[in-house]
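**Q** generate a structure from the sequence data that follows.
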Amino acid sequence: MAIARVSKLKVAAVALLAGLLQSGLGRSASYDTIEKYPGAKTLCSQHNTAVSEGKPMHLLYRIETSPAEMAPILEFYEKKVGLKPKNAGSATDFSDPANPGLIVTVYPKERAASFPSCDVAPPADAKTLILISQMIAK
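**A** Numbering: from 1, shown residues only. So this is what the prediction gives:
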């Protein structure tokens, strides 16, 4: 009977943890786990290596496109995902204080030439691009 009770508690704990992770609570966001803006489509992704302050790093980034205007996307990343805006303007950067290597940049399609592109043009229906990038120590 004690074994069955322990198993039920483990199942409940795993379910609770999974719920917290899905809701974004109890963890910082990362490149792999950050919630995608509803309806956004991945345009491309890249994995590069670099040296930052003498340390070898991995740079991961992907670009997502959305037919939505910037305002609801900015609200989504700030209020639903819980990231903090670092600046505002024609491009807005968001960061996670618990993971300073993660940056989400939201910008209009017209500014695409100012950001990494993976040499892939955004689709005609895209109004907003979302660049998700993360630096990770090797």
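**Q** gap between residue 52 and residue 137?
**A** 9 Å (CB to CB, to the nearest Å). Quick note: C-beta positions are derived from backbone N, CA and C, even for glycine.
**Q** cool, and residue 127?
**A** Distance from residue 127 to residue 137, by CB to CB: 35 Å.
**Q** ok, those two, which is more surrounded?
**A** residue 127 (15 against 9; other CB atoms under 10 Å).
**Q** next up, the contacts around residue 125.
**A** residue 67 (CB atoms under 8 Å, 6 or more residues apart in numbering).
**Q** three-state assignment of the residue most central in space within the chain?
**A** Centroid check for the chain by CA atoms, centre = their mean gives residue 34 as the closest residue, at 3.9 Å. Following DSSP: H, G, I helix; E, B strand; the rest coil, the label given to residue 34 is coil.
**Q** with adjacent residues omitted, what lies nearest to it?
**A** Distances taken as CB to CB, 6 or more residues apart in numbering put residue 132 closest to residue 34, at 6.1 Å, once the chain neighbours are dropped.
**Q** who is the one you found paired with across the strands?
**A** As for beta bridges, residue 132 partners with residue 62, residue 104 under DSSP bridges.
**Q** mind listing the helices for this protein?
**A** 2-23, 70-75 (DSSP state H).
**Q** which one of those helices has the lowest average pLDDT?
**A** Of all these, the minimum mean pLDDT falls on helix 2-23 (a mean of 38).
**Q** so who does the nearest residue to residue 107 once chain neighbours are set aside touch?
**A** Of all residues not flanking residue 107 in the chain, residue 91 sits nearest, at 3.9 Å (CB to CB, 6+ apart). The contact partners of residue 91, by CB under 8 Å, 6+ apart, come to 105, 106, 107, 108, 111, 114, 115.
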